[in-house]
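K.L.:
Starting from these lines, generate the structure:
(one chain, ligands or ions: 2)
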Amino acid sequence: MIINADLHIHSLYSMATSKNMTISTIASESKLKGLDLVGTGDGFHPEWLQIIEQSTKPSKTGIYSVKECDNDSQTRLIKSVEHPETSTAKCKFILTAEVEDRNRVHQLIILPSIESAYQIREELPSKNIDKEGRPRVDMNGAELMDLIKDHNGLIGPAHAFTPWTSIYKEFDSIYDCYNDAPDFLELGLSADTDMADRIEELQDIPFLSNSDAHSPWPHRLGREFNEIEIKEMTFGAFKDAVKAKKVVGNYGFDPRLGKYHETGCVRCYDTIPIEKARELKMRCPCGGLIKKGVKDRIGDIAKWDEPHHPEFRPQYTHILPLAEIISLVHGKGITTVYVQKIWKEMVQTFGSEIEVLIYAPLDKIARTEPKLAEVIKSFRENTLNIRPGSGGHYGQIILD
Ligand SMILES: [Zn+2]
Ligand SMILES: [Zn+2]
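P.N.:
Numbers count the residues shown, from 1 in each chain. Ligands and ions are numbered 1, 2, ... in the order given. The predicted structure is shown next:
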């Protein structure tokens, strides 16, 4: 079977996260989104681990289902969605965590069980592991990889190209970090397969596209996700699938919409060509710091100007959260009643947000939302006009 999976989110115990980041809300919102499997995030945080244990059924397979999805007072829509395939059956979690290593590289970790999370926790040298959902650990990438492998988990760099806390801000090669190949590489919002496949050393490594969501609403959760071909819903089968490079689809932002696509100023957000930025010694005329964008960072380490996709590499499909597209089309805020009403109608009609974005017949969407259908079509056909993001400012879609 092929499942939709988002393997990197954060709980309410991480910095700058929504207090709604609870298991039951994530579970119900992930159904509306159309996700089959979601990472718990923050899998080393003691209170979060307790909440996971309390809100899910015990499991020998490493995949956890939510106890009482439908009784959740925060469930906004579930009861009214008349699609049995999106009802309670589908609240599945896998243990995941993100840590910041000694070199300030963010590492994404996927674990076999709650028990293994408790065991690894004890072996992680960290001052803030009891306080912070995404702790700092005093280990380098190679040491961390050894530890995670000893416990049969999976590890790879998170948002591998971002300028502050990623593997490629620190190293020119993944091997300088781990001495070995990681199990996967997470692309992050500012990169896609076409960009990453310019780098020779990544030719044999599966790519993940995850949301890194800090709030559970479907304009964050699953804003990037993976299609994974899996034999059964167990951690073992999941691990086999990643090892066998059975990530069969990546879905996520057009990288030009990412906050750090182009080189730019973190204060005034002006985009600055890399040659000019170097002349300016990475200081903007406004006084702000210039941050090298993901595009230029990949240019530094790339072997090829054009992508070289290995045979197993799946297609990368550009998507944007449905509420964001509706907001754009109607010129109203994402969280307004107006936009949410249309979002709800669409999800009710087609079963989930992913259905609307990727599979729903455009003529059927056009019956009530002709402009929306047009924009979804340009996503599907990859013909959007975009003003790239830079300096920490998201890129923008220009509609004509
Ligand atoms: Zn991170
Ligand atoms: Zn994160």
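
K.L.:
Just the element for Val42, please.
P.N.:
Actually, residue 42 is Asp rather than Val. Using DSSP states H and E, Asp42 is not contained in any helix or strand.

K.L.:
Check the one 10 residues further on too.
P.N.:
Ile52 is part of helix 46-55 when elements are defined by DSSP H and E.

K.L.:
first vs last residue of stretch 187-203, how far apart are they?
P.N.:
14 Å (C-alpha to C-alpha, to the nearest Å).

K.L.:
Number the residues from 705 up from this point.
P.N.:
I'll keep to 705 as the first residue from here, and by that count the last item is stretch 891-907.

K.L.:
sorry, back to before: return the set of buried residues in the helix holding Ile756.
P.N.:
Buried residues in helix 750-759, counted by 16 or more other C-beta atoms under 10 Å: Trp752, Leu753, Ile755, Ile756, Ser759. For glycine as for every other residue, the C-beta is placed from the backbone atoms N, C-alpha and C.

K.L.:
In this structure, where's the longest helix?
P.N.:
Ranked by residue count, the top helix of the chain under DSSP state H comes out as helix 1041-1054.

K.L.:
and that one, what other elements does it pack with?
P.N.:
Packed against helix 1041-1054, as judged by 3 or more C-beta pairs under 8 Å, 6 or more residues apart in numbering; DSSP states H and E, are the following elements: helix 1026-1034, helix 1057-1058, helix 1066-1072.

K.L.:
of all the ones you listed, which lies closest to Leu711?
P.N.:
Leu711 sits nearest to helix 1057-1058 of all the helices and strands packed on helix 1041-1054, at 15.5 Å, using C-beta to C-beta.

K.L.:
next one: that closest one to chain centre, how far?
P.N.:
Helix 1057-1058 has its C-alpha centroid displaced from the chain centroid by 15 Å (C-alpha atoms, centre = their mean, to the nearest Å).

K.L.:
Then stretch 971-989?
P.N.:
Mean-position distance between stretch 971-989 and its chain equals 28 Å (C-alpha atoms, centre = their mean).

K.L.:
For Lys947, give me its contacts.
P.N.:
Lys947 makes contact with Asp887 under the criterion C-beta atoms under 8 Å, 6 or more residues apart in numbering.

K.L.:
give me phi/psi at whatever residue of the stretch 1005-1104 of the chain ends up closest to ligand 1?
P.N.:
Distances between the stretch 1005-1104 of the chain and ligand 1 by C-beta to the ion are smallest at Gly1096, namely 14.4 Å. The phi/psi pair for Gly1096 (degrees, to the nearest 10) reads phi 100, psi 10.

K.L.:
For it, the count of nearby residues, please.
P.N.:
Using other C-beta atoms under 10 Å, the number of residues around Gly1096 comes to 15.

K.L.:
And for Phe942?
P.N.:
So Phe942, with other C-beta under 10 Å, has 26 neighbours.

K.L.:
Tyr768 versus that one, what's the distance?
P.N.:
The gap separating Phe942 from Tyr768 is 12 Å, by C-beta to C-beta, to the nearest Å.

K.L.:
Report the set of residues contacting both of those two.
P.N.:
Residues touching both Phe942 and Tyr768 (C-beta under 8 Å, 6+ apart): Ile798.

K.L.:
Stretch 1092-1100: which residues count as buried?
P.N.:
So stretch 1092-1100, judged by 16+ other C-beta under 10 Å, has buried residues Pro1092, Gly1093, Ser1094, Gly1095, His1097, Tyr1098, Gly1099.

K.L.:
and for it, what are the contacting residues?
P.N.:
894, 958, 960-976, 992, 994-995, 997, 1090-1091.

K.L.:
which residues in the stretch 805-954 of the chain form helices?
P.N.:
Shown for the stretch 805-954 of the chain, the helices assigned by DSSP state H, counting those that start in this stretch span residues 818-827, 845-854, 871-874, 878-882, 897-900, 939-947.

K.L.:
so which of those helices gets nearest Ala720?
P.N.:
When those are ranked by proximity to Ala720, the top entry is helix 871-874, at 19.9 Å, counting by C-beta to C-beta.

K.L.:
Now do that closest one: distance to the chain's middle.
P.N.:
Relative to its chain's centre, helix 871-874 lies at 18 Å (C-alpha atoms, centre = their mean).

K.L.:
and the residue lying closest to Lys943 once chain neighbours are set aside, how many residues sit next to it?
P.N.:
Using C-beta to C-beta, 6 or more residues apart in numbering and skipping the chain neighbours, the partner closest in space to Lys943 is Leu858 (6.1 Å). Other residues near Leu858 number 23, with proximity taken as other C-beta under 10 Å.

K.L.:
For the closest residue to ligand 1 within the stretch 805-954 of the chain, give me the pLDDT.
P.N.:
Nearest residue of the stretch 805-954 of the chain to ligand 1: His810, at 3.6 Å (C-beta to the ion). We have a pLDDT of 98 for His810.

K.L.:
how far away is the nearest residue to it once chain neighbours are set aside from Arg982?
P.N.:
Of all residues not flanking His810 in the chain, Ala862 sits nearest, at 4.0 Å (C-beta to C-beta, 6+ apart). According to C-beta to C-beta, Ala862 and Arg982 sit 28 Å apart.

K.L.:
now swap in Ile1005 and tell me
P.N.:
Separation of Ile1005 from Arg982 (C-beta to C-beta): 17 Å.

K.L.:
thinking again about what came up before, the helices of the stretch 805-954 of the chain: which one's closest to Pro1014?
P.N.:
Taking C-beta to C-beta, helix 897-900 is the member of those nearest to Pro1014, at 10.2 Å.

K.L.:
Show me what that closest one is packed against.
P.N.:
Identification of packing neighbours for helix 897-900 by 3+ C-beta pairs under 8 Å, 6+ apart yields helix 998-1005.
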